[in-house]
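Student: what shape does this take:
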Amino acid sequence: MMKNTDRFSGHAKAYDQFRPNYPTQMYDFLKETFNLTSNSTIADVGAGTGIVTTELAKRFKTVYAVEPNTDMKSILAERFKGNPHVQIVNATAENTMLANHSVNFVIVAQAFHWFDGQAFKSECSRILKTGGHTILLWNIRDTKNLMIKELGDVCRKCCPSFSGFSNGMSFSGDSIPENIQEFFAPKETSVKQFSNCLTLDKNTFIGRQLSASYAPLPDQKNYHEFVDGLSKIFDVYQSGNGTIIMPYHTVCFMTVSA
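Tutor: Alright, predicted model coming up:
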């Protein structure tokens, strides 16, 4: 069975090129809600290719980009070469290699569903300073949308490892998935959402789907069938000017005591 740390091997370039960022309002919300300053030390755990790290480095003096995947780290290293605000850490979420009580804030973007939740919870307790916080966030599709439902059908047909978007995490309204409640327990968990709809042309629409861990690579079975299925969905739902609206929103989970 493939290790979770290897799931994006071969997908890093597509991930970096086609994965969306998060709303500016979300970054502002984090800084204000958690009383972070420019001198705060941040751990971006499961940093991937540095989409969130880039934004954090604009706002904070020290950012640890914790990432175990070799392909992802190669892009991280190139992106932040010579950047004094970012330190790349070759480590997993469950064993970040960071010093005890060394960070003010832990952020996890689009990655918690790959972690051992309880082991990561213990690791956060170890590395966070007194009064520190962890936030878990995702860009998620509106699964009630007909186009998104059809996209899921194509993924189930062509991607053997597809278990649902975000590794099968179930997001619905203001409901909080059980594993997230367990992560923050005994504190109560709160949720904050931001609209983050994407306008994509055909190339970026297909590329966004190919950036998923479950997507077949070009030399693998079902790749051409998958791309063809995506192309047909785009042609049906495109607006007439060569773009399609992907109904996304950003959802953030945190403790209510923040």
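
Student: what segments of the stretch 1-150 of the chain are strands?
Tutor: Remark: strands assigned in the stretch 1-150 of the chain by DSSP state E, counting those that start in this stretch are 41-45, 62-66, 86-89, 103-109, 128-141.

Student: weakest of these by average pLDDT?
Tutor: Mean pLDDT per stretch puts strand 128-141 lowest among the strands of the stretch 1-150 of the chain, at a mean of 93.

Student: which elements pack onto that one?
Tutor: strand 103-109, strand 248-255 (3 or more CB pairs under 8 Å, 6 or more residues apart in numbering; DSSP states H and E). For every residue, glycine as well, the C-beta is placed using N, CA and C.

Student: nearest to residue 21, out of the strands of the stretch 1-150 of the chain?
Tutor: strand 128-141 (8.5 Å; CB to CB).

Student: circling back: most packed of the helices and strands packed on strand 128-141?
Tutor: When the helices and strands packed on strand 128-141 are scored by mean count of other CB atoms under 10 Å, the highest mean neighbour count falls to strand 103-109 (a mean of 24).

Student: can you tell which of the helices and strands packed on strand 128-141 is closest to residue 221?
Tutor: The minimum distance between residue 221 and these falls on strand 248-255, with 29.2 Å, by CB to CB.

Student: so which elements touch the closest one?
Tutor: Looks like strand 248-255 contacts helix 24-33, strand 128-141, helix 178-184, strand 189-195 (3+ CB pairs under 8 Å, 6+ apart).

Student: contacts for the second one, please.
Tutor: Going back to what we said before, that points to strand 128-141. The contact list for strand 128-141, computed with CB atoms under 8 Å, 6 or more residues apart in numbering, reads 19-20, 22, 26, 30, 34, 41, 101-110, 112, 124, 148, 151, 165-166, 169, 171, 180, 183, 196, 246-255, 258.

Student: single out the most deeply packed of the helices and strands packed on strand 248-255.
Tutor: Buried most deeply of these, by mean count of other CB under 10 Å, is strand 128-141, with a mean of 19.

Student: strand partners of that one, parallel vs antiparallel please.
Tutor: The strands beside strand 128-141 in its sheet (DSSP bridges) come out as strand 103-109 (parallel), strand 248-255 (antiparallel).
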